[in-house]
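Sequence below, structure please.
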Amino acid sequence: MAARKLLIQNGTIVTCSSTLEPYEPTVFRGDLFVVDGVISKIDKKINISDTSDIEVIDATDQLVIPGFVDAHRHVWEGAYKWAGDWSLWEYAAKFLWQLASRIEARDAYVSQSLGILEALNAGVTSIVDHCHFTPSEEVVDSMLEATRKSGIRSYFCYARVDQFPYGAKRKEWQMAHLEKLVKEGMGSDRVTLGLAFDGSDNGFFNELKDELFPFADKHGIDIFSTNYLGGPNPIGEGGVHAFASRGFLENRSILFVHANSLQSSEHELLRNSSSAVVSTPEIEQSMALGPTVGFTAEDAGVRVGLGVDCACAVGGDMFRVMRSMLAYQRGHENQEILKKGKVPLKLQRRTKDVFRMATIGGARAIRREHEIGILEVGKKADIVLINTTSPSMLGAARDPVRAIVMHATVKDVNKVIVGGEVLVDKSRSSRDGVFTRLKWSDEVNKVRDSLARISSTFKNQEHEEEEAFASLQDSLSSMGVNFVGAGDR
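Numbers count the residues shown, from 1 in each chain. Reported below is the predicted structural model:
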């Protein structure tokens, strides 16, 4: 079979550099040549006399950047855009309990597909999919099928848990299903199996020790995702210490998502194991998870990535994640200075810091920096082209990194390339939409049909959601969780 070739010409290449610490962004005019999904050459000018078997893209007036690496997202939530005013525990009751119990395999396929298309459309080329919706083998298979068909680079972290509203027997078939997936393969070299897990009691840790980690070690699974909130929110209590004290961080790296209660004593444990923190600042602040610790963790030498988290409650692009991350940390540090009756002479946190976190930072978090997150020869050709002639980006030439972080929008993303394949092309005039692998109008109809079917399963959706929330609130209150009503603050 002839090699697939792609030549990107006349662009402004913006990427972090592996030779400049700590992964300092570099900007230069140049061309980029891709062979069979891998970057083969980068130079100021690449001259090829015969381009008849080469796909050529003219990137004049465009920034050529690495695809964003979203290190934490629940992709299956893509079609359900109504959780924006919910607290964490409203989300748990109304979404993970009430809504999830009504989702069938056909709905899961549609929502998974939409969640991925939303990410691709915004320049996300790699995604750590913390899939905590695994109610049946049929549902999981449907989501995997949607993932494969999309073309995105997915690290599908399968959650084997008996959360509400399913039950303990769920774990029995899930283990068999995981074994089947390992035996038969994921069906695409862009889809990698990982594991997601959440808990803090002895039963949870015994399951990791006796079943999940031996299974992972046997089959070479090396991406693990767990939520660590702590504090008043009883999720992941004990944090990094709980894993390290049991020897779980020896020869194993784990993504500690949120890590809102991260202690300074845990920094060294994370550094030594190459484990990472993933911050999702917009969700962490809107749902009251706790302080966003990505910057302080990175200051201590910990690997840090960024993620969208719940696209049912916030937007699905990394531009707003970068801005939220920067705004939170600047606001926190500036307030501390203002409290002392002083004003900052300069801002400590820079746009380049969050650009790094959203690209090579995410790659390093999952220990794939040798493959993705940066534009260098030998790396996967996961590339995004950003238009600089829009009203928001026309002045980007002086400092493209600042412009990308503070001014670019999803509309400025012109092309998205994964493994050398153009998956999103907004320059083409087609009634079928911007996605090259599917017809957008078909997706619209599928989503509308699915939402109508789910809605029909409720007699009164808001009333049933509130009943579920009241029940969960009673349960959590009995466990010692202290809630504050909106009028009691």
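
Next, the contact list for Ser471, please.
Residues in contact with Ser471 (C-beta atoms under 8 Å, 6 or more residues apart in numbering) are Ala93. C-betas here are computed from N, CA, C, even on glycine.

next one: Gln461
Ser455.

again, but for Ala403
So Ala403 contacts Leu63, Thr388, Met393, Gly395, Ala396 (C-beta under 8 Å, 6+ apart).

buried stuff in the helix or strand in which it is found?
Using DSSP states H and E, Ala403 maps to helix 400-406. The neighbour-count check on helix 400-406 (16 or more other C-beta atoms under 10 Å) flags Pro400, Val401, Ala403, Ile404, Val405 as buried.

ok, now stretch 12-25?
Neighbour counts over stretch 12-25 (16+ other C-beta under 10 Å) mark Thr12, Ile13, Val14, Thr15, Cys16, Tyr23, Pro25 as buried.

now stretch 77-93
Judged by neighbour count (16+ other C-beta under 10 Å), stretch 77-93 contains these buried residues: 77-81, 83, 86-93.

and that stretch, how far out from the chain's middle?
Relative to the centre of its chain, stretch 77-93 is centred 17 Å away, using C-alpha atoms, centre = their mean, to the nearest Å.

Report the separation between the two terminal residues of it.
End-to-end span of stretch 77-93 (C-alpha to C-alpha, to the nearest Å): 15 Å.

Contacts for it next, please.
Stretch 77-93 is contacted from outside by 94-95, 99, 107, 110-118, 233, 286-289, 310-314, 316, 447, 450-451, 465, 468-469, 471-473, 476, 481, 483, using C-beta under 8 Å, 6+ apart.

other SSEs contacting the next helix-or-strand element following the helix holding Ala403?
Sequence order places strand 413-418 as the next helix or strand after helix 400-406, per DSSP H and E. Packing partners of strand 413-418 (3 or more C-beta pairs under 8 Å, 6 or more residues apart in numbering; DSSP states H and E): helix 105-121, strand 124-131, strand 383-387, strand 421-425.

tell me the angle of the last one relative to strand 383-387?
Pointing back at strand 421-425 there. 30 degrees (axes from the mean of the first three to the mean of the last three C-alpha atoms, to 10 degrees).

Okay, and the beta partners of the residue nearest the centre of the chain?
By C-alpha atoms, centre = their mean, the chain has its centre lying nearest to Asp70, at 2.8 Å. Bridge pairing for Asp70 (DSSP bridges) gives the partners Ile127.

doesn't Gly123 make contact with it?
No - look at Asp70 against Gly123 with C-beta atoms under 8 Å: they stay out of range, at 10.0 Å.

ok, back up a step: looking at the contacts of Ala403, which are in strands?
The strands, defined by DSSP state E, take in Leu63 from the contacts of Ala403.

how near is the residue nearest to the centre of the chain to Phe215?
Taking C-beta to C-beta, to the nearest Å as the measure, Asp70 falls 26 Å from Phe215.

What of Leu229?
Look at Leu229 and Phe215: by C-beta to C-beta, they are 26 Å apart.

Equivalent analysis for Val410, please.
Counting by C-beta to C-beta, the separation of Val410 from Phe215 is 38 Å.

for Arg73, same thing?
Arg73 sits 24 Å away from Phe215, taking C-beta to C-beta as the criterion.

ok, back up a step: among the buried residues of stretch 12-25, which ones are in helices?
Counting by DSSP state H, no part of the buried residues of stretch 12-25 is found in helices.
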